[in-house]
Each structure stands twice: as structure tokens, then as C-alpha cells.
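Enquirer: using only what follows, build the 3D model:
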Amino acid sequence: MADVHMVRHRRPRLFRRVDRQETDLMDDEVRRRYRFSTDNIDRLVGLLEPTLRRRTRRNQALTIRQRIMLTLRFLASGAFLQIIGDTFGVDIATVSRVVTDVTNSLFALKDMVIRFPVTDADRRRVMTGFFEMRGFPGVIGCVDGTHVRIISPGGPDEPSFVNRKGFHSLNVQATCDHKGMFTSVNACWPGCCHDSHIFRMSKLGQHMANHHQDPERGYLLGDSGYPCRPFLLTPFLQPESEAQERYNAAHIGTRNSIERAFGVWKRTFHVLHSEEGSSGPPGKLIRTCVPSTQPITPGNPLISKKPVITRRLSASVTGNLITISLSANKLFVTSVTTRDTVAMSTPKVSPIIWRKAPEARNLKVNMIRCRMV
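Expert: Alright, predicted model coming up:
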């Protein structure tokens, strides 16, 4: 019987890199795909070049800019590594190595861009910014938690990662300043942990308990899930006076900064919504948080698919009804600001009619906000 020899043929290397990703795109197209403008990607290249530079003589090596753009595309889309590799014309193993290297380099910047206000000058600056928002004095930050979906880690501790919503997650605690910049991030706790427990056990909670018992040094704002402390103010659950209602209104309007920061963070990096992108260690969440909050790369507004337009139109008031006639039927009115009330959105019809609040007097329409459809 003749011997049969099986010869293994190596797969040929195919260099099918697509340079269009960085050469043929306009600035707004770059921002849509990578969540950063071209100028700010150049700033990232300058910041990460010392740690990402490699001594190689390969003629097909990825440049630092290509590696950063590949990682930003992965963080912005939350797609599979294979899809990212097909987009850039590289192998999936290359994508895995590049994403790991760039996220590690971004993580090294955390102490430079995520800083809690500890000096008197920083505290006064943040206090002034929060006071100008809704007139709430002494606020140095807003604290809250958000769930980031992950793949089931398995093992005996797997049930602890299931949150109250029924999926596996990490409960990430963060604080932000008046500009929506994160000043602290804690991504070490499973989804079953309560926000108050995470705050009590975190270094931030211990720092506030040790150094901010005096209200003059500032305090944080939290929702009703946190206990009320001299350094952590929460809203009244059942306000009994007008003063308490005004306090709640100012509290809610100021504390919404952290809610908006979470929204921008997750909207910027869709990998935080994807199980495939969040299966790594908890530190990876901080790594993705760094570029979205760093003040060294300003000017990265999200591209809204439906821009908001402010228009001043006339309106007629009959009894308790507001009637507005729009000539452009492709505008969707989202709100009407009057002297005494703000009317919410309605279906796209013309004329548009709102029922104003009974207590509103001397009604006069000041501004109408519309959205393209």
C-alpha cells in the first residue's frame, strides 16, 4: 500500500489595504465614522506616537495614524473584528493586536485627562460653572452609575454580573464637571451592585468623606438612590414646600449633567452597547472613556442626523389653545417656549395646536424649535 503524504499549503499573504479610509473622506465623513475630526486625530497621533512607535523595517507595516483610526472605528461602531479588518483590508489578528496596543496607550493617558478637582482653583472653577447652569451653589461634580453590557463571564460569580434588568453588565460609576467632562470613573463592580454601595466602597466616596465634610469645600449631587450626606446631596422624595420644590428643580437641572455625559459617551462609542466589544477586562471601559472626555481634543460634536433649527414665528392664542401655522411642512416642531410655559412635541401637522397650562397668563410665544424630518 502506497504512503500518502499530506502537504499543507500556507495561505498566501494578501495586502489589500484600503487607503481610502484616510485620504478620500471629507472632514464631516471622518467625524461620522471615527467620532473625531481630522485635526483631532492628528492630535491623537502626536500624543500616542511615543508609545506606539515600532522599530520595524517591514514595507507593509501599518502607520500610527492607520492604527489609531482602526481602533477608533472599532470603538465607534462596536462591530466584529472581522468586519473592521475587511473595512481596512487587514487580517483579524492584526486588528486584535492593534486595538489592544492603542487602547493600552489611551489607558496610559487616564491620569492626565480624568482628574477630580482637588485644588482650590479647580473647585472654584467647577462651582462657578455649575452655579451658572441652574443657580445651585457649591457643586463640584455630579455622580451616577450606568450599566455597560458584557458577555457572561461564567464561573461561580456569574450570577453577580446579572443586573436588575436581566442582562450581564458592569455598573460603572462616574462623576463629571459642568462641561460634561468625566472627573472620575470606576469600572470594577458587577451589575448586581447598587450605586450607593459602589460609592461607599470607592476611593471617591472615601475621599469625599475624609475631605469634604465642610460644605464650603464643595459637594456632589446624586439621585435618590444615594444616601444624603454632608458631601452628597440628593433630592427631596416628597417636597412639602415651595422652597423644597425649587431645590428639587435646581437639583435635577444641575444633576442632569452626568446623564448627558453618559449619553454622549455611549453614543460616541457604540462598543459600549455591544457584547462583543465589552468582553475584556473592566479597565477597557476606562480606556474607551479616555478619548471621549479628554479636553486636549476639543471640538468633536456628534453629527446629528436631524439638526435642530430655531425659528421665530407668530402664534395666536384663543382661550387655553396655542395655534401655530407652519409654511414648511417638512419641519417637525419639538418645543415652543413661551413666557410662562414650554410646550412639548406634537405630531407633524399644520396648523399645530397646543393646550397651554391653565396658570399661564399673558402668554406670548418667544421661540419655536424645529427639527428636520
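Enquirer: now do the helices in the stretch 1-150 of the chain.
Expert: 20-23, 27-34, 38-52, 64-77, 81-88, 92-107, 110-113, 120-134 (DSSP state H, counting those that start in this stretch).
Enquirer: now the second one against helix 38-52, angle please.
Expert: Our comparison of helix 27-34 with helix 38-52, counting by axes from the mean of the first three to the mean of the last three C-alpha atoms, to 10 degrees, yields an angle of 50 degrees.
Enquirer: mean confidence score for helix 27-34?
Expert: Computed over helix 27-34, the mean pLDDT rounds to 86.
Enquirer: show me what it is packed up against.
Expert: Under the contact definition 3 or more C-beta pairs under 8 Å, 6 or more residues apart in numbering; DSSP states H and E, helix 27-34 sits against helix 38-52, helix 64-77. Glycine gets a C-beta too; all of them are placed from N, C-alpha and C.
Enquirer: still on that earlier bit, deepest-packed of the helices of the stretch 1-150 of the chain, please.
Expert: Comparing these by mean neighbour count (mean count of other C-beta atoms under 10 Å), helix 64-77 comes out on top with a mean of 22.
Enquirer: need the contact partners of that helix.
Expert: The contact list for helix 64-77 (C-beta atoms under 8 Å, 6 or more residues apart in numbering) reads 21-22, 33-36, 41-42, 44-45, 48-49, 52-53, 62, 81, 83-84, 87-88, 90, 95, 98-99, 101-103, 268-271, 277, 288, 291.
Enquirer: looking at the spatially closest residue to E49 that is not a sequence neighbour now. What's its pLDDT?
Expert: Spatial nearest neighbour of E49, chain neighbours left out: I64 (5.5 Å); criterion: C-beta to C-beta, 6 or more residues apart in numbering. In this prediction, I64 carries a pLDDT score of 91.
Enquirer: could I get the helices and strands packed on helix 27-34 as JSON lines with distance to A249?
Expert: Converted to JSON lines, the helices and strands packed on helix 27-34 look like this (distance: least, C-beta to C-beta, whole Å):
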{"stretch": "helix 38-52", "distance to A249": "36"}
{"stretch": "helix 64-77", "distance to A249": "36"}
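Enquirer: between those, which one is closest to R229.
Expert: helix 64-77 (35.5 Å; C-beta to C-beta).
Enquirer: and the gap between S77 and T87?
Expert: Counting by C-beta to C-beta, to the nearest Å, the separation of S77 from T87 is 9 Å.
Enquirer: over to the closest residue to F236 other than its chain neighbours. Which of the three states is it?
Expert: Leaving aside its sequence neighbours, F236 sits nearest to Q244 (C-beta to C-beta, 6+ apart; 4.7 Å). Secondary structure assignment for Q244 (DSSP: H, G, I helix; E, B strand; the rest coil): helix.
Enquirer: next one: T175
Expert: Going by three-state DSSP: T175 is strand.
Enquirer: wait, doesn't it sit right on N186?
Expert: No. Using C-beta atoms under 8 Å as the test, T175 is too far from N186 to be in contact (9.2 Å).
Enquirer: overlap in contacts, those two.
Expert: Residues within reach of T175 and of N186 at once, by C-beta under 8 Å, 6+ apart, are L204.
Enquirer: between these two, which is the more surrounded one?
Expert: Comparing T175 with N186 by neighbour count (other C-beta atoms under 10 Å), the higher total belongs to T175, at 27 against 23.
Enquirer: need the per-residue pLDDT for that one.
Expert: With respect to pLDDT, T175 has a value of 95.
Enquirer: same question for Q21.
Expert: So Q21 comes in at 56 (pLDDT).
Enquirer: give me the low-pLDDT residue ranges for the stretch 51-200 of the chain?
Expert: For the stretch 51-200 of the chain, applying pLDDT under 70 flags the ranges 58-59.
Enquirer: ok, 80 please
Expert: 54-60 (pLDDT under 80).
Enquirer: for the helix or strand where I198 lies, C-alpha coordinates in PDB please.
Expert: I198 belongs to helix 195-201 when elements are defined using DSSP states H and E. Taking Å, rounded to 0.1, in the frame of the first residue of the first chain, the C-alpha atoms of helix 195-201 are listed here in PDB:
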ATOM      1  CA  ASP A 195     -24.900  52.600  43.200                       C
ATOM      2  CA  SER A 196     -24.800  53.600  46.800                       C
ATOM      3  CA  HIS A 197     -22.600  50.600  47.700                       C
ATOM      4  CA  ILE A 198     -20.200  51.300  44.900                       C
ATOM      5  CA  PHE A 199     -19.900  54.900  46.000                       C
ATOM      6  CA  ARG A 200     -19.400  54.000  49.700                       C
ATOM      7  CA  MET A 201     -16.600  51.500  48.800                       C
END
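Enquirer: pretty sure D223 sits in a helix.
Expert: No. Counting by three-state DSSP, D223 is not found in a helix; it is coil.
Enquirer: how near is it to F74?
Expert: 32 Å.
Enquirer: and if you look at R246?
Expert: 46 Å.
Enquirer: repeat for F130
Expert: Per C-beta to C-beta, F130 is found 35 Å from F74.
Enquirer: kindly report the same for S152.
Expert: Counting by C-beta to C-beta, the gap from S152 to F74 is 22 Å.
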